[in-house]
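> Mind folding the following:
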Amino acid sequence: MSVALCGAGYLFSILQSVFVQQPTGSRVCLSPLIRAALSDWSHLASTIADHPIPITTLVPRAPHFVGSVDASKSGVGGFWLPTCFGTGKPSAFHLPFHSTLSNRLVSVDNPNGTLTINDFELAALTLATALVAHYSTTPHASLWLGNDNSSAVSWTRCGSTSTTGPNAHLLRWLAQIARQHDVCLKSILVPGDTNTIADFCSCSFHLTDSQFLQELNSRFPTDTSWQLVHPTPNMTLKMSCA
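Numbering: from 1, shown residues only. A predicted model of the protein is given here:
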């Protein structure tokens, strides 16, 4: 049924984690986190009539928007381009991480960190989806989004991580986005050396907004000039909390 319930495909992580943690248990421990996950499913069931799903969204279809994202220790960035089926202008975004996040990244210099670059890449994919859903007026949009991190792409394709970590909470946010805006995301693995626009966006926090747009238009010109879109405070809060 998750195929026909918009957003449901991203809500399996915490439920599946129970069977990973209790593979031979005869009873399931309903922790507060598990109860919260079940509450999400209860909400889907009680609001199913409010979210009819066009049958065309249940099969592969041409995208309304294509884009790509990237993440670094400093933050996330990426871009969206409308196809002939979508509306709008080429748009780009970049958002620096607060130091409380970047300082928790696992690295050679910080082996005891609690976040990985995979988590940051998934945050980029989710934030990009939130942005195009927020700024676009295209109903039931099909989104094709590239990323050069195989773990993040796999998590969005499977809709699950079988853990209760940050990636599970990012997927839950992705479920909320898909549910609220009726968008369908297809993530695509792209080679890192071809992800140049998104890579620039995720490492350009030393530039002002006008300098950022000037560099984009100079390095990666399009028929229509790039526009800069900003995450809302609520988007930034949800990403950071996850």
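
> only C-alpha atoms for contact and neighbour calcs from this point on.
Will do.

> Let me see the contact set for the closest residue to I177 other than its chain neighbours.
Closest residue in space to I177, ignoring its immediate chain neighbours: A130 at 6.1 Å, by CA to CA, 6 or more residues apart in numbering. Shown in contact with A130 (CA atoms under 8 Å, 6 or more residues apart in numbering): 174, 177, 235.

> Go again with 10 Å.
Shown in contact with A130 (CA atoms under 10 Å, 6 or more residues apart in numbering): 124, 173-174, 176-178, 181, 183, 231-232, 235.

> Out of these, the closest to S39 would be?
The shortest approach to S39 among the contacts of A130 belongs to Q176, at 13.2 Å (CA to CA).

> Now name the helix or strand holding the closest one.
Here Q176 sits within helix 166-181, counting by DSSP states H and E.

> about what we covered before: look at the residue nearest to I177 and give its secondary structure.
helix (DSSP: H, G, I helix; E, B strand; the rest coil).

> and if you look at F212?
F212 ends up helix, using three-state DSSP.

> Does it touch F205 like I think?
Yes: F212 is in contact with F205 according to CA atoms under 10 Å; the separation is 8.5 Å.

> what residues are shared contacts of the two?
Common neighbours of F212 and F205 (CA under 10 Å, 6+ apart) are H94.

> picking that back up, report pLDDT for the residue nearest to I177.
Looking at A130, its pLDDT is 97.

> who are the neighbours in contact with M235?
Contacts of M235 (CA under 10 Å, 6+ apart): 126-127, 130-131, 134, 173, 241.

> Hmm, I typed the wrong one, I wanted S107.
73, 113, 115-117 are the contacts of S107 under CA under 10 Å, 6+ apart.

> From T114, how far out is it?
When distance is defined by CA to CA, to the nearest Å, S107 is 10 Å away from T114.

> what do you get for K73?
13 Å.

> Between those two, which is the more surrounded one?
K73 (20 against 14; other CA atoms under 10 Å).

> thought the more buried one was touching S204?
No: at 12.0 Å, K73 does not count as touching S204 under the criterion of CA under 10 Å.

> State the distance from the residue located most distally from the centre of the chain to V18.
Computed with CA atoms, centre = their mean, the residue of the chain farthest from its C-alpha average is S26, at 35.3 Å. Look at S26 and V18: by CA to CA, they are 12 Å apart.

> same deal with S2?
According to CA to CA, S2 and V18 sit 19 Å apart.

> Tell me who's in contact with L95.
71, 74-78, 124, 127, 201-205, 230-231, 236.

> switch the cut-off to 7 Å
75-77 (CA atoms under 7 Å, 6 or more residues apart in numbering).

> Many thanks, we can stop here.
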